[in-house]
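Visitor: what's the 3D shape of this:
(one chain, ligands or ions: 1)
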Amino acid sequence: MSSIESLKVSLGKRSYSIHLGHHWLADGGRHVGRATTSRRFFLLSVAKVHALYGRRIEKALRGLGQVSTYLMPDGERAKNERTLLAILRAMASHGLQRDACLVTLGGGVVGDMGGLASALYMRGIDVVHCPTTLLAQVDASVGGKTAIDFEGVKNLVGAFHQPKAVLLDTALLDSLTERQYRSGLAEVVKYGVIRDADFFAWLEDNVDAILRRDPAIVARMVRRSCEIKAEVVSADELELGARAHLNFGHTLGHALESAYDDWGLQHGEAVAYGMWAAGLLSWRLRWCRSEVPERIELLLRRLGLLRPLPPLSESRILRSLLLDKKAKGGEAQFVLTRKMGIVSIRSSVQKSLLGWVLRRLRHPKIDVSDLS
Ligand code: GLY
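Guide: Predicted coordinates for the structure are as follows:
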């Protein structure tokens with residue numbers, strides 16, 4: 001077991017720690033025991049993840065109290081009201097009371113569903129997250145956002161409900177498929193673009209080690225990502241201001257994710273396209289130099305993202321943009337770059353410019369003369 005480092009998310013009485021280490025989940029009980037007074041645990045996971053790591057966390061929790069386990073269906077398609085009600089029913093049938101603690105073991109979908117179920121059950125019980133994907137470790141598990149997709153709109157129904165602790169074991173990333181791992185890297189790149197130009201340059205310098213999943217490099221990458229996420233959330237828990245910067249690449253990313261639902265674009269893959277698009281928009285609006293989208297594109301390609309997209313309906317994507325939760329007053333909101341490490345919000349981007357960006361994503365050779 002490696003040493004455990006702790007980062008704090010500072011939210012007054014709702015503050016909590018993110019504990020990071022390599023190959024230490026079986027020892028996580030100590031940190032759960034400090035984070036919650038609960039001694040009745042409800043473990044939420046999916047079969048595939050539970051088969052790999054379930055016993056370890058159950059054993060750790062059994063050292064503290066009673067544990068029941070519930071396995072939900074896997075994948076984004078399960079992130080709906082039916083699964084939510086099934087989880088709540090299971091919690092009720094296990095007789096959980098107000099002093100119970102839900103523990104999630106899985107990726108972003110398990111974390112979002114468990115987070116929302118714990119926010120609703122008896123008007124809120126404790127939750128601890130043990131994220132098992134890179135995407136969940138560096139983003140979804142920190143910050144208390146919980147949601148289900150509803151009426152075809154991603155994350156339409158949800159609540160803010162902060163966890164009591166986040167247990168982050170980077171050894172769990174070894175079992176991710178190449179595609180899952182690379183998809184998570186998109187969120188890592190995001191932190192460099194929105195807050196830390198040196199981190200972005202460090203990612204550029206360490207692509208090979210990152211792709212090899214070198215444990216020391218992965219630990220540093222995950223740690224810096226979580227530090228930035230913790231700082232942003234501590235400053236603006238409810239997304240009244242700067243937290244919206246975390247949506248960099250997500251406005252178009254979510255629209256692409258819905259449009260390419262059948263094609264199976266993963267969240268991080270869609271965000272990678274969204275970030276490149278946001279960089280291009282920033283440049284076309286003269287917010288930044290062309291070097292910014294060029295560096296974003298190159299790094300994402302080197303990390304194995306931005307694989308070619310099949311033909312898409314421009315109007316369908318533009319419609320989805322307006323359905324996005326972040327749209328205000330009928331205008332999609334974009335997080336755009338000023339320079340590497342600095343972003344701001346902009347609404348009302350012309351449709352013709354968005355159209356040009358969408359065409360450019362599919363055909364990188366298109367130049368500005370195609371801006372009709
Ligand atoms: N994933 C964006 C946020 O937590 O605000």
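Visitor: Could you point out the helix or strand that follows the helix or strand bottoming out on mean pLDDT in the chain?
Guide: When the helices and strands of the chain are scored by mean pLDDT, DSSP states H and E, helix 314-323 comes last with a mean of 81. With elements assigned by DSSP states H and E, the helix or strand that comes after helix 314-323 is strand 333-339.
Visitor: Give me the angle between the least confident helix or strand of the chain and strand 333-339.
Guide: Put simply, helix 314-323 runs at 100 degrees to strand 333-339, going by axes from the mean of the first three to the mean of the last three C-alpha atoms, to 10 degrees.
Visitor: Pull out the buried positions in helix 314-323.
Guide: Within helix 314-323, the residues scored as buried using 16 or more other C-beta atoms under 10 Å are 317-318, 320-321, 323. Quick note: C-beta positions are derived from backbone N, CA and C, even for glycine.
Visitor: for stretch 67-80, same thing?
Guide: By neighbour count with 16+ other C-beta under 10 Å, stretch 67-80 contains the buried residues 67-72, 74, 76, 78-80.
Visitor: Include distance to the ligand and pLDDT when you put the residues you listed into TSV, please.
Guide: TSV is the format used below for these (distance: C-beta to the nearest ligand atom, whole Å; pLDDT from 0 to 100):
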residue	distance to the ligand	pLDDT
V67	28	98
S68	28	98
T69	27	98
Y70	25	98
L71	25	98
M72	21	98
D74	21	94
E76	15	88
A78	19	95
K79	14	95
N80	19	97
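Visitor: Of all pairs in those residues, which one is the farthest apart?
Guide: V67 and E76 (27.1 Å; C-beta to C-beta).
Visitor: Closest approach to the ligand from the stretch 1-150 of the chain, which residue is it?
Guide: The nearest approach of the stretch 1-150 of the chain to the ligand comes at G143, 4.0 Å away (C-beta to the nearest ligand atom).
Visitor: burial count for that residue?
Guide: By other C-beta atoms under 10 Å, 24 other residues sit near G143.
Visitor: If you drop the residues flanking it in sequence, what lies closest to it?
Guide: Spatial nearest neighbour of G143, chain neighbours left out: V233 (4.2 Å); criterion: C-beta to C-beta, 6 or more residues apart in numbering.
Visitor: ditto for H94
Guide: Closest to H94 by C-beta to C-beta, 6+ apart is S68, at 4.7 Å.
Visitor: so what does the helix or strand hosting the one you found touch, helix or strand wise?
Guide: S68 is located in strand 66-71, with elements delineated by DSSP H and E. In terms of contacts (3 or more C-beta pairs under 8 Å, 6 or more residues apart in numbering; DSSP states H and E), strand 66-71 is packed against strand 40-45, helix 55-62, helix 81-93.
Visitor: Give me the buried positions along the second one.
Guide: Right, helix 55-62. Buried residues in helix 55-62 (16+ other C-beta under 10 Å): 56-58, 60-61.
Visitor: And for the last one?
Guide: Neighbour counts over helix 81-93 (16+ other C-beta under 10 Å) mark 83-84, 86-88, 90-91 as buried.
Visitor: Also compute the angle for that helix relative to strand 40-45, please.
Guide: Using the same axes, to 10 degrees: helix 81-93 against strand 40-45 is 150 degrees.
Visitor: Give me the angle between helix 81-93 and strand 66-71.
Guide: For helix 81-93 against strand 66-71, the angle by the same axes, to 10 degrees is 160 degrees.
Visitor: any idea of the mean pLDDT for helix 81-93?
Guide: For helix 81-93, the mean per-residue pLDDT is 98.
Visitor: Return the distance of that helix from the chain's centre.
Guide: 23 Å (C-alpha atoms, centre = their mean, to the nearest Å).
Visitor: for that helix, packing partners?
Guide: Applying 3+ C-beta pairs under 8 Å, 6+ apart, we find helix 81-93 packed against strand 40-45, strand 66-71, helix 108-120, strand 145-150.
Visitor: mind checking which helix or strand A201 is in?
Guide: helix 197-205.
Visitor: What parts of the stretch 51-200 of the chain come near the ligand?
Guide: With C-beta under 6 Å from any ligand atom as the criterion, the stretch 51-200 of the chain meets the ligand at residues 139, 143, 145.
Visitor: dump the residue contacts of the residue of the stretch 1-150 of the chain closest to the ligand.
Guide: Contacts for G143 (C-beta atoms under 8 Å, 6 or more residues apart in numbering) come out as 9, 162, 229, 232-233, 237, 243, 246.
Visitor: just checking, it is part of a strand?
Guide: No. Counting by DSSP: H, G, I helix; E, B strand; the rest coil, G143 is located in no strand; its state is coil.
Visitor: Distance to A171 added to the helices and strands packed on strand 66-71, as a markdown table?
Guide: Below are the helices and strands packed on strand 66-71 laid out as a markdown table (distance: least, C-beta to C-beta, whole Å):
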| stretch | distance to A171 |
| --- | --- |
| strand 40-45 | 17 |
| helix 55-62 | 11 |
| helix 81-93 | 27 |
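Visitor: Would you mind giving the buried residues of helix 55-62 as a markdown table with pLDDT and distance to G268 added?
Guide: Shown next, in a markdown table, are these (pLDDT from 0 to 100; distance: C-beta to C-beta, whole Å):
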| residue | pLDDT | distance to G268 |
| --- | --- | --- |
| R56 | 95 | 26 |
| I57 | 97 | 25 |
| E58 | 97 | 29 |
| A60 | 96 | 29 |
| L61 | 97 | 30 |
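Visitor: Alright, I will stop here.
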